[in-house]
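A.B. asks: Build me a structure from this.
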Amino acid sequence: MRVVTPSALRTVLGRLHGVPRVVVSGNFATPWRALREADAALAEYRLFALNAQEGIPDRPGVTFESAFVGPGMRGSDRLHYLPCRLSLVPSLLTNALPPDLVIVHTSVPADGTVSLGTEVNILPAAIEAVRARGGLVVAQLNPHMPYTFGDAVLAEHEVDLAVEAEDPLPSPQPRLASAEHEAIGERVAALVPDAATLQLGIGAVPDVVLGALRRRSGFAVWSEMFSDGVLALERAGALDPIRPITASFAFGSAELYGWIDRNPRVRLLRTEKTNDPGLIARQPALVSVNGALQVDLFAQANAARVHGTIYSGFGGQTDFVVGALHSRGGKAIIALPSWHPKADVSTVVPRLAGPVTSFQHSFIVSEQGTATIWGNDASTQATEIIDRVAHPSARDELRHAARGLGFRL
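C.D. replies: Sure thing, here's the model as predicted:
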């Protein structure tokens, strides 16, 4: 690894030929300084990132690529969305979309290594793919980036060039829980057995669920990501001290970043491991809690598209739903409010109009109640969804539509 000035990095990157593909750390680990130099050096390039945040280079000449669309790319007419389970994105980068440049955000060097810190995810596969074809790996070294263990650790020789930065890591805006979120979260928490393995994302409902579980103990975490709710579980003594907290990336408060720094309890692994349905299935009583934009009477969930336009993507939902269903004592739960306040429409529809993100769940939960899906026939599933998940004002219309779809109600 050779540490260079930003201007020297710009000079080197300007020698890349054609329209290179640039893979960059996403979520809240974007290496802003190094990415700005790449953008200044390259007239045209393809930028691949997962959940890219606002502020990424957005101009003619930059083509966006993503398998999980974030606010920085959402709605762009230069976006190329790649439908792909998160567990398979590393294979996508190895075979179909090989990178020419990978830019990562790391800790400062220690004992001949750096750490990918809060964002491991698909980056080890991207680094391997770019090195195999003679491309470049660039690191932004930041003393504010936590040093995390597991697949986060890179030998210095795996990085070609590095620039230094000293920028605090950003945190997501906190989401206040509404009365509906509180009701959903309490219902979901009631479905979680003692000593379960937890997979939850970030947001108001997961926060309520994790808050309710602080009063219990023996839990483990095997998740795509985690945030401050897991830290609260740890401090409450609700987590099994023997089992490591396992995920692929993390983001949250500055307090969370300080807690995971050199914490042997936390193990961040590459996506091929955390999101492998086979490995997920080995976790005892894995409870997967995911959100959706819509569900239909066939118990199918749409978590990716709004009015036919891509909003996010599959993410890890498909991986964890399958893994949870194969886990001994596992449950796959979809949680959503019964009514969309902005669009002023029911979130339960007769049949999804677009692609399905996931299906065959154990339960679907709204503030109205809990529908038991697994083990019921199709007509009973539809009845449960109408009577226990749908908003009361939508139920009569849904029953009428259900009969037209062949359900026996």
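A.B. asks: so Arg78 makes contact with Ser66?
C.D. replies: No: using CB atoms under 8 Å, Arg78 is not in contact with Ser66, being 11.4 Å away. From N, CA and C alone the C-beta is placed, and that goes for glycine too.
A.B. asks: which one of these two has more residues nearby?
C.D. replies: Just comparing Arg78 and Ser66: by other CB atoms under 10 Å the higher neighbour count belongs to Ser66, 26 against 15.
A.B. asks: Arg46 is in contact with the more buried one, correct?
C.D. replies: No: judged on CB under 8 Å, Ser66 makes no contact with Arg46 at a distance of 10.6 Å.
A.B. asks: in the stretch 251-400 of the chain, which spans are helices?
C.D. replies: 254-260, 271-274, 277-281, 317-326, 378-384, 392-404 (DSSP state H, counting those that start in this stretch).
A.B. asks: Would you format those as JSON lines with distance to Leu50 included?
C.D. replies: Converted to JSON lines, the helices of the stretch 251-400 of the chain look like this (distance: least, CB to CB, whole Å):
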{"stretch": "helix 254-260", "distance to Leu50": "19"}
{"stretch": "helix 271-274", "distance to Leu50": "9"}
{"stretch": "helix 277-281", "distance to Leu50": "19"}
{"stretch": "helix 317-326", "distance to Leu50": "14"}
{"stretch": "helix 378-384", "distance to Leu50": "33"}
{"stretch": "helix 392-404", "distance to Leu50": "34"}
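A.B. asks: among the ones you listed, which is nearest Ser217?
C.D. replies: helix 254-260 (19.3 Å; CB to CB).
A.B. asks: List of residues touching the closest one?
C.D. replies: The contact list for helix 254-260 (CB atoms under 8 Å, 6 or more residues apart in numbering) reads 118, 144, 146, 148, 168-169, 171, 227-228, 231, 250, 266.
A.B. asks: Could you dump those residues into a markdown table and include pLDDT and neighbour count?
C.D. replies: Shown next, in a markdown table, are those (pLDDT from 0 to 100; neighbours: other CB atoms under 10 Å):
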| residue | pLDDT | neighbour count |
| --- | --- | --- |
| Thr118 | 98 | 28 |
| His144 | 98 | 17 |
| Pro146 | 98 | 23 |
| Thr148 | 98 | 26 |
| Pro168 | 96 | 11 |
| Leu169 | 97 | 21 |
| Ser171 | 93 | 16 |
| Ser227 | 94 | 24 |
| Asp228 | 94 | 20 |
| Leu231 | 96 | 22 |
| Ala250 | 97 | 29 |
| Val266 | 98 | 24 |
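A.B. asks: So which of the residues you listed sit within strands?
C.D. replies: 250, 266 (DSSP state E).
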